[in-house]
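Novice: Need coordinates for the following:
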Amino acid sequence: MASASKLLVLRRLSVVVKPPSRSYSSVCGSRLCFPTSQFHEPSKSSNLYVNNLLMVFRNFWSRPLNLDKETQGPAAIDYSALLQEDEFHRLADSTIHDLQEKFEEYGDEIQVDGFDIDYGNEVLTLKFGSLGAYVLNKQTPNRQIWLSSPVSGPSRFDWDRSAQAWIYRRNKANLLKVLESEVEQLCGKPISLC
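Specialist: Next up is the predicted model:
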């Protein structure tokens with residue numbers, strides 16, 4: 001029975017991975033390099049071939065990521081610092097409404113075809129015509145403000161009590177600073193949101 005299951009694995013893996021030909025001395029990918037001597041043709045020794053394949057792929061897929069804790073990956077969540085729901089709504093609503101007012105003033109100063117601001121169902125949409133659109137909305141269960149940006153893509157901002165600002169934990173970016181920088185990059189005119 002064990003031999004049959006190994007052959008089934010071999011068949012499935014052979015669709016994805018072909019055994020290297022004898023003319024190559026090694027097979028290298030962007031993260032995987034192993035000598036072809038680890039492989040034997042299935043007709044000569046199927047069990048050894050399957051065992052070697054399984055060993056190589058198990059090692060490849062189970063390697064831990066070596067992330068630098070200071071620069072990559074999200075910061076740890078301090079659950080004791082999570083906002084109460086009513087405080088979250090007060091801070092998030094205040095931020096979104098302030099942004100709406102400032103972008104309405106900014107829209108009067110710039111010349112961008114298709115510029116429009118829409119606020120409804122607690123979602124703020126800032127349209128910059130052919131340049132793209134920003135969408136900001138509250139995520140109450142996570143106590144976050146989510147931003148969809150035409151420049152940097154999606155981001156999730158948590159309230160940082162010490163900074164008194166909405167901060168993206170992955171790169172420590174401030175929501176208002178991100179918007180200032182990206183909107184100036186898109187429109188060519190600075191905006192002050194702080």
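Novice: CA atoms for contacts and neighbours, from now on please.
Specialist: Noted.
Novice: who touches stretch 86-96?
Specialist: Stretch 86-96 has contacts (C-alpha atoms under 8 Å, 6 or more residues apart in numbering) with 124, 136, 138, 140, 143, 145.
Novice: pLDDT (mean, whole number) over it?
Specialist: The average pLDDT within stretch 86-96 is 96.
Novice: And it, what's buried?
Specialist: Neighbour-count burial for stretch 86-96 flags 88, 89, 92, 93, 95, 96 (criterion: 16 or more other C-alpha atoms under 10 Å).
Novice: Where helices are concerned, which of those residues count?
Specialist: Within the buried residues of stretch 86-96, residues falling in helices by DSSP state H are 88, 89, 92, 93, 95, 96.
Novice: any idea how far the first one lies from residue 114?
Specialist: Right, residue 88. Distance, residue 88 to residue 114, by C-alpha to C-alpha, to the nearest Å: 32 Å.
Novice: Counting neighbours, which of the contacts of stretch 86-96 comes out on top?
Specialist: Tallying neighbours with other C-alpha atoms under 10 Å puts residue 145 at the head of those, with 24 neighbours.
Novice: Name the SS class of the closest residue to that residue other than its chain neighbours, please.
Specialist: Of all residues not flanking residue 145 in the chain, residue 138 sits nearest, at 4.6 Å (C-alpha to C-alpha, 6 or more residues apart in numbering). Assigned state for residue 138: strand (three-state reduction, DSSP: H, G, I helix; E, B strand; the rest coil).
Novice: surely residue 138 meets residue 122?
Specialist: Yes - using C-alpha atoms under 8 Å, residue 138 makes contact with residue 122 at a distance of 6.9 Å.
Novice: For the protein, which segments count as helices?
Specialist: 2-16, 46-61, 85-109, 175-187.
Novice: Worst mean pLDDT among those helices?
Specialist: Looking at the helices of the chain, the bottom one is helix 46-61 with a mean of 49.
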